[in-house]
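# A structural model of the following input is requested.
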Amino acid sequence: MPELNLALLRRWPDVEAENLYAADAADRLLLDTAAPLLARLQGNEIAVVNDHYGALTLSLAAAGFTGLRVHQDPLSAEQALENNARALELDGFTHHSMGPELFTGTRLVLMQLPRSLDALEEAAAFIAAAAGPDVTVLAGGRDKHMSPAMNQVLGTAFSSVSAGRGRQKARVLTATVPRDDVRIRFPLQEEYDVGLPAPLRIVAFGATFGGAKLDMGTRFLLPALAGARAARRAVDLGCGNGTIAAYLALLRPDLAVLATDQSASAVASARATAEANGLSARVTVQRDDALSALPDSTEELIVLNPPFHIGNAVHAGIALKLFADAGRVLAPGGELWTVWNSHLAYKQALNRLVGTTREVARNPKFTVTVSIRRP
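Purely as a prediction, here's the structure:
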C-alpha cells in the first residue's frame, strides 16, 4: 500500500499545540496490521471509525480505495479530515452516522478505540448486527488508554477477540465471528431529582461523554442558575446529554434554549433528553464547533460545563477555545455561567476572554462563576 506521509496532517480546526499530534502510533500500527487484508477488499467493504484527524481514511484513499464509509463523532474531526483531504487532493470517502448503514456489508472495520466502553459496545453491536459474517474488526489504541475491559466488551459482540503484539506503546485488538444474539441497548435513560416538580430524565447514546449520568459538576451548577439573568434564549454550550438545556427549559417555562455540541452522539442524546422531558418545542439542538454558527454579540445567556480533555489528552486548550467563543457571541452585558474543577483556576482566563468574572459558589471540588461580557 503506498504510504501517506502522516506528518503532513493537521488537527485544525481542533486545538493545535506542540505536544498534540494529528497521527499517532496506533494509526500506524492499525494500517500495518490491515495491510495483508486490504488486497482482497474493495473500498465499499471498509468502514473507518473514530479516525482522529484522517490518518486512517486518507492513507486508504492514497492507496486508491474509494467508497470508504467513515464515522467520526466530533465535528472537529470531520472538519480536520476534510481539510487534510483538500490539502492532499484526496477523496473517496463519505461521512455516516453511527448505525447499521455505516457497517452494512463491510468486511473490514478500522477503529481507533474510543475512551468510553459504552461507545465501544455500541459500535461493536452495530458491526455484529450489520456487517458481513466474515468481517474483521481491527481496533487500535495507545497502551495507556487500553484496558482488559475492552476485550470483554468486544467479546459480547464477537466470538473471537485477540490482542496483537505491542509496538511503540500501541496495540491492536482483532475481533472476528459476529455473534447472532447481540442486543443494542442504547440509548440509556435515567432519572434524577434536581429540585424540580418532577424528576429530570436524561437520555444518552453510547459515545456521549458521561452517558446518562448527572455529571457532578453539573449537579453543583444547576441550583446556582436560578440567579442567572432574565433572557429570551439561553445557550447550553457543549451540551453533552442535554441536562443543562432541559433543566433551564423546565426551570423557566418562558425560555427558549439552544443546545450545541460538536459530538454527534451528544446532539442525538440532547434531542432525546429534550423529548423525554416534553421540551422538544423549546429546546433546539445543533451540532457545532463551539459556537461557530452564531454571530457576534447576539446572545444574552450562555451556560457551560467545559471539558478538560481533547480526545485522550488532558489539555486546557479546549476550555479556552470555548471561553473565547462565548465572549465573542455574548452581547454586551450578557452572562456566561460556568462550572469548573477548582484546581484549574480558570478565573483569570475568563476575565481576559469574556469579562468581569465573580465566584458564585464553591465546594472542595468545583467552582461556579458568572462572567459579564464587557461593553
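
# contacting residues around Leu248?
Leu225, Ala234, Asp236, Leu255, Val257, Val303 (Cβ atoms under 8 Å, 6 or more residues apart in numbering). In this view, the C-beta of every residue, glycine as well, is placed from N, C-alpha and C.

# Tell me the pLDDT of the last one.
So the one you mean is Val303. As predicted, Val303 sits at a pLDDT of 98.

# Now for it, how many residues are close by?
Val303 has 29 neighbouring residues, counting by other Cβ atoms under 10 Å.

# How much space separates Glu207 from Leu304?
Just to correct that, residue 207 is Ala rather than Glu. According to Cβ to Cβ, to the nearest Å, Ala207 stands 20 Å off from Leu304.

# between these two, who's got more neighbours?
Neighbours were counted for Ala207 and for Leu304 using other Cβ under 10 Å; Ala207 has more, 26 against 23.

# Correct me if wrong: the more buried one contacts Ala268.
No. With contact defined as Cβ atoms under 8 Å, Ala207 does not reach Ala268; the gap is 9.2 Å.

# So for Glu18, what's the pLDDT?
As predicted, Glu18 sits at a pLDDT of 78.

# what does Asn312 give?
Looking at Asn312, its pLDDT is 46.

# go on, the one 5 residues further on?
Gly317 carries a pLDDT score of 71 in this model.

# One more: His96?
If you check His96, the pLDDT there is 98.

# buried ones in stretch 239-255?
By neighbour count with 16 or more other Cβ atoms under 10 Å, stretch 239-255 contains the buried residues 239-252, 255.

# Out of these, the closest to Gln168 would be?
Gly240 (32.9 Å; Cβ to Cβ).

# Please name the nearest non-neighbouring residue to that closest one.
Ala266 (5.2 Å; Cβ to Cβ, 6 or more residues apart in numbering).

# ok, now which ones touch that neighbour?
Applying Cβ under 8 Å, 6+ apart, we find Ala266 in contact with Ala207, Thr208, Phe209, Cys239, Gly240, Asn241, Gly242.

# Specify the beta-bridge partners of the residue nearest to the spatial centre of the chain.
For the chain, Ser263 is the residue whose C-alpha lies nearest the centre (Cα atoms, centre = their mean; 3.8 Å). Here Ser263 sits in beta bridges with Pro74, as judged by DSSP bridges.

# Next one: it from Ala149, what distance?
When distance is defined by Cβ to Cβ, Ser263 is 22 Å away from Ala149.

# can you give me the helices in this protein?
Taking DSSP state H, the helices of the chain run over residues 25-38, 55-62, 75-88, 100-103, 117-130, 148-155, 216-221, 243-251, 264-276, 317-329, 347-353.

# rank those by pLDDT, which is bottom?
For those, mean pLDDT drops lowest on helix 317-329, to a mean of 92.

# Pull out the CA atoms of that one and give them to me as PDB.
C-alpha atoms of helix 317-329 as PDB (Å, rounded to 0.1, in the frame of the first residue of the first chain):
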ATOM      1  CA  GLY A 317      -6.900  24.400  25.200                       C
ATOM      2  CA  ILE A 318     -10.500  23.300  24.500                       C
ATOM      3  CA  ALA A 319     -11.900  25.200  27.500                       C
ATOM      4  CA  LEU A 320     -10.100  28.300  26.500                       C
ATOM      5  CA  LYS A 321     -11.400  28.000  23.000                       C
ATOM      6  CA  LEU A 322     -15.000  27.700  24.300                       C
ATOM      7  CA  PHE A 323     -14.500  30.700  26.700                       C
ATOM      8  CA  ALA A 324     -13.200  32.800  23.800                       C
ATOM      9  CA  ASP A 325     -16.200  31.900  21.500                       C
ATOM     10  CA  ALA A 326     -18.600  32.600  24.300                       C
ATOM     11  CA  GLY A 327     -17.000  36.000  24.800                       C
ATOM     12  CA  ARG A 328     -17.400  36.700  21.100                       C
ATOM     13  CA  VAL A 329     -21.100  35.600  20.900                       C
END
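
# relative to helix 75-88, how tilted is that helix?
Per axes from the mean of the first three to the mean of the last three Cα atoms, to 10 degrees, the angle that helix 317-329 makes with helix 75-88 is 90 degrees.

# tell me what helix 317-329 is packed against?
Other helices and strands packing on helix 317-329, by 3 or more Cβ pairs under 8 Å, 6 or more residues apart in numbering; DSSP states H and E, are strand 233-237, strand 299-304, strand 309-310, strand 330-341, helix 347-353, strand 366-373.

# Can you check which of those gets nearest to Glu3?
Each of the helices and strands packed on helix 317-329 was scored for nearness to Glu3 using Cβ to Cβ, and the closest is strand 309-310 (26.8 Å).

# And the residue nearest to Gln168 when sequence neighbours are not counted, how far from Ser147?
Once flanking residues are discounted, Gln168 sits nearest to Ala25: 3.9 Å by Cβ to Cβ, 6+ apart. Distance, Ala25 to Ser147, using Cβ to Cβ: 18 Å.

# which of the two has more neighbours?
Each of Ala25 and Ser147 has its neighbours counted (other Cβ under 10 Å); Ala25 has more, 18 against 13.
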